[in-house]
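Visitor: Curious how this folds, go ahead:
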Amino acid sequence: MTTRLYLDVDGVINAQMPYGWGKLAKGKAAGWRIRWAPRMIDALAAMDVELVWTTTWRDEAVTELAPLIGWGGHGRVLHPLDGDLIWPSIDWKFDAVRADQIGNPSPYIWLDDELEAQHKRHGGLVVTVPSVTGISPRLIDLMNTYIGGQV
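Guide: Alright, predicted model coming up:
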């Protein structure tokens, strides 16, 4: 069974100072400045996962961001269950991830920079990513280990 990757953008892919990846890339998507590590994007793209964008970017993650970072129109998007983009955004994301897992359960990884202890109790590999550095090489190793254990 393929592992599902619930992926936030700001503070996770778009980090202030991505660490441990070497050369960084910069660009603009949907009018926002984006900074990412191409090697990190390559490492994520190499994983056997179903990508699910779980971000306030919503559809713009697929239409604007994914093409900028080299992923084309890759992945599906979770939206707030009631259509309202409430704050903090982690609240609607938690409800949407839970509903997605109830409707179609699978092993999953959830990466977000806003996750708190109560969000980590609902299963999967749920990781609070440091918003300054984003996804690290060590986290990629942890994710690959988790994915390998789901086979």
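Visitor: ok, Val12 to Arg4 distance?
Guide: Noted for Val12: a distance of 16 Å to Arg4, by CB to CB, to the nearest Å. Any C-beta I mention is one placed from the backbone N, CA and C, and that applies to glycine too.
Visitor: and if you look at Leu125?
Guide: Counting by CB to CB - Leu125 and Arg4 are separated by 11 Å.
Visitor: which residues are in contact with both of the two?
Guide: Residues touching both Leu125 and Arg4 (CB atoms under 8 Å, 6 or more residues apart in numbering) are Tyr108, Ile109.
Visitor: Return the residues in contact with Ile109.
Guide: So Ile109 contacts Thr3, Arg4, Leu5, Tyr6, Val49, Gly124, Leu125, Val126, Val127, Met143, Tyr146, Ile147 (CB under 8 Å, 6+ apart).
Visitor: Using the three-state scheme, assign it.
Guide: Put simply, Ile109 is strand when judged by DSSP: H, G, I helix; E, B strand; the rest coil.
Visitor: Quick check: phi and psi at the closest residue to it other than its chain neighbours.
Guide: The shortest distance from Ile109 to any non-neighbouring residue, by CB to CB, 6 or more residues apart in numbering, is to Leu125 (4.5 Å). The phi/psi pair for Leu125 (degrees, to the nearest 10) reads phi -100, psi 100.
Visitor: Can you check what pLDDT the model gives the closest residue to Ala37 other than its chain neighbours?
Guide: Distances taken as CB to CB, 6+ apart place Trp21 nearest to Ala37, at 3.4 Å, with adjacent residues excluded. Trp21 carries a pLDDT value of 95.
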